[in-house]
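**Student:** Return a 3D structure for these sequence lines:
(one chain, ligands or ions: 1)
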Amino acid sequence: MRIVKDPRAMRRASQALFAAGKQIGFVPTMGALHEGHLSLIKKARKENDAVVVSVFVNPAQFSAGEDYEKYPRSIKNDAILAQKAGCDILFYPASKALYPEGFSCSVHTGRISEVLCGASRPGHFSGVATICLKLFNIIMPHKVYMGRKDYQQVAIIKKMVADLNINTQIKALPTVREASGLAMSSRNNYLGPRGREFAAVIYRSLKEAAGLIREGESSPGRIKSFIQSMLRGRGVDVEYIAIVCPRTLDEIKRVGCSVLIAIAVRIDQTRLIDNMLVSRR
Ligand code: PAF
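**Tutor:** Predicted coordinates:
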């Protein structure tokens with residue numbers, strides 16, 4: 001596995017692969033790799049001739065006061081894990097290489113990025129879309145692999161690819177969970193043993209709410225109250241519980257054939273998100 005830091009060298013490597021008719025699979029990450037990332041890399045390995053993984057903690061997607069500085073960084077371990085999972089090129093650029101002096105352009109992602117996580121993290125998804133577009137332009141991947149845990153992020157990147165005619169395909173893979181059901185996330189590293197124990201209630205509440213919907217419950221209000229009651233008293237500070245249309249992410253008035261239940265909470269100051277797509281068909 002090669003480690004490439006310079007965006008120009010990365011582009012040259014991609015151009016050579018392209019010219020040789022090789023199919024490139026790409027997994028964008030912020031590092032602190034866990035089983036969720038590794039499942040994406042392994043899938044990319046199976047479906048492509050070459051696999052590129054980026055590790056870049058993107059300052060543009062953190063607001064002031066968020067955890068940019070303390071975000072876990074573990075490049076040595078990431079390199080070992082990425083290589084084992086089948087990565088050919090690890091792209092590890094410096095912040096200055098991607099955001100030189102005077103950088104001022106960004107992707108405007110519209111209404112879909114103002115709801116759910118976007119409501120409490122203004123500018124976050126514009127930062128995500130901007131870095132993804134930059135990475136896609138440098139790496140020119142045929143396929144990009146992302147995790148469904150970040151459902152809204154994937155929906156926004158898919159929309160950007162469609163709206164801006166970007167020549168790639170976004171593949172969303174299932175959320176990988178710890179034995180307790182907690183969705184894998186680099187931010188789980190912030191949780192202590194007690195926090196981890198409490199956090200397992202998020203998935204339990206999603207599963208039980210999905211059960212209610214499948215049994216015929218159609219009122220978003222009642223489903224939300226049910227989840228709220230499961231989270232109450234478990235050391236969980238709720239940011240939102242939302243029942244939305246899986247395509248637009250707008251809140252719905254009545255549950256139809258398929259809905260997305262999305263949750264964001266804080267446990268011991270750590271922000272955790274999870275979601276479940278529920279279909280009645
Ligand atoms: O999901 C992430 O880790 C990041 O948001 C991404 C897609 C790598 C962009 O920085």
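**Student:** just the strands in this protein please.
**Tutor:** Under the criterion DSSP state E, strands of the chain are mapped to 2-4, 24-29, 50-55, 89-91, 143-147, 169-173, 237-244, 258-267, 270-279.
**Student:** between those strands, which gets nearest to the ligand?
**Tutor:** strand 24-29 (3.9 Å; CB to the nearest ligand atom). Quick note: C-beta positions are derived from backbone N, CA and C, even for glycine.
**Student:** From the contact counts, what lies against the longest helix seen in the chain?
**Tutor:** The residue-count maximum for a helix in the chain (DSSP state H) belongs to helix 193-214. Helices and strands touching helix 193-214, by 3 or more CB pairs under 8 Å, 6 or more residues apart in numbering; DSSP states H and E, are helix 220-231, strand 258-267, strand 270-279.
**Student:** looking at the ones you listed, which is buried most?
**Tutor:** strand 258-267 (a mean of 21; mean count of other CB atoms under 10 Å).
**Student:** quick revisit: make JSON lines out of the strands of the chain and add mean pLDDT and distance to the ligand.
**Tutor:** Formatted as JSON lines, those follow (pLDDT from 0 to 100; distance: least, CB to the nearest ligand atom, whole Å):
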{"stretch": "strand 2-4", "mean pLDDT": "98", "distance to the ligand": "16"}
{"stretch": "strand 24-29", "mean pLDDT": "99", "distance to the ligand": "4"}
{"stretch": "strand 50-55", "mean pLDDT": "99", "distance to the ligand": "7"}
{"stretch": "strand 89-91", "mean pLDDT": "99", "distance to the ligand": "11"}
{"stretch": "strand 143-147", "mean pLDDT": "98", "distance to the ligand": "7"}
{"stretch": "strand 169-173", "mean pLDDT": "98", "distance to the ligand": "11"}
{"stretch": "strand 237-244", "mean pLDDT": "97", "distance to the ligand": "18"}
{"stretch": "strand 258-267", "mean pLDDT": "97", "distance to the ligand": "15"}
{"stretch": "strand 270-279", "mean pLDDT": "97", "distance to the ligand": "11"}
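**Student:** so which of those comes closest to residue 75?
**Tutor:** strand 50-55 (6.2 Å; CB to CB).
**Student:** and for that closest one, what are the contacting residues?
**Tutor:** 10, 14, 17, 22-31, 33, 37, 41, 44-45, 75, 78, 82, 86-93, 135, 139, 141 (CB atoms under 8 Å, 6 or more residues apart in numbering).
**Student:** Is there a neighbour count for residue 155? I'd like the number.
**Tutor:** Look at residue 155: counted by other CB atoms under 10 Å, it has 22 neighbours.
**Student:** Hmm, residue 110 and it touching each other?
**Tutor:** No. Residue 155 lies out of contact with residue 110 (CB atoms under 8 Å); the separation is 11.3 Å.
**Student:** how about the residues of this protein that lie near the ligand?
**Tutor:** Within the chain, the positions lying close to the ligand (CB under 6 Å from any ligand atom) are 28-30, 58, 61, 128, 131-132, 150, 153.
**Student:** how about residue 1, what does it touch?
**Tutor:** Neighbours of residue 1 in contact, by CB under 8 Å, 6+ apart: 79, 82-83, 87-90.
**Student:** can you put these in CSV and add neighbour count?
**Tutor:** Shown next, in CSV, are the contacts of residue 1 (neighbours: other CB atoms under 10 Å):
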residue, neighbour count
79, 19
82, 29
83, 15
87, 27
88, 21
89, 23
90, 22
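**Student:** Quick check: helices, which of the residues you listed are part of them?
**Tutor:** Counting by DSSP H, the contacts of residue 1 contribute 79, 82-83 to helices.
**Student:** So which of the residues you listed is the closest to residue 209?
**Tutor:** Nearest to residue 209 among the ones in helices among the contacts of residue 1, with distances taken as CB to CB, is residue 82, at 35.3 Å.
**Student:** Would you pull up the residue in the stretch 151-281 of the chain closest to the ligand?
**Tutor:** For the stretch 151-281 of the chain, CB to the nearest ligand atom, closest residue to the ligand: residue 153, 5.7 Å.
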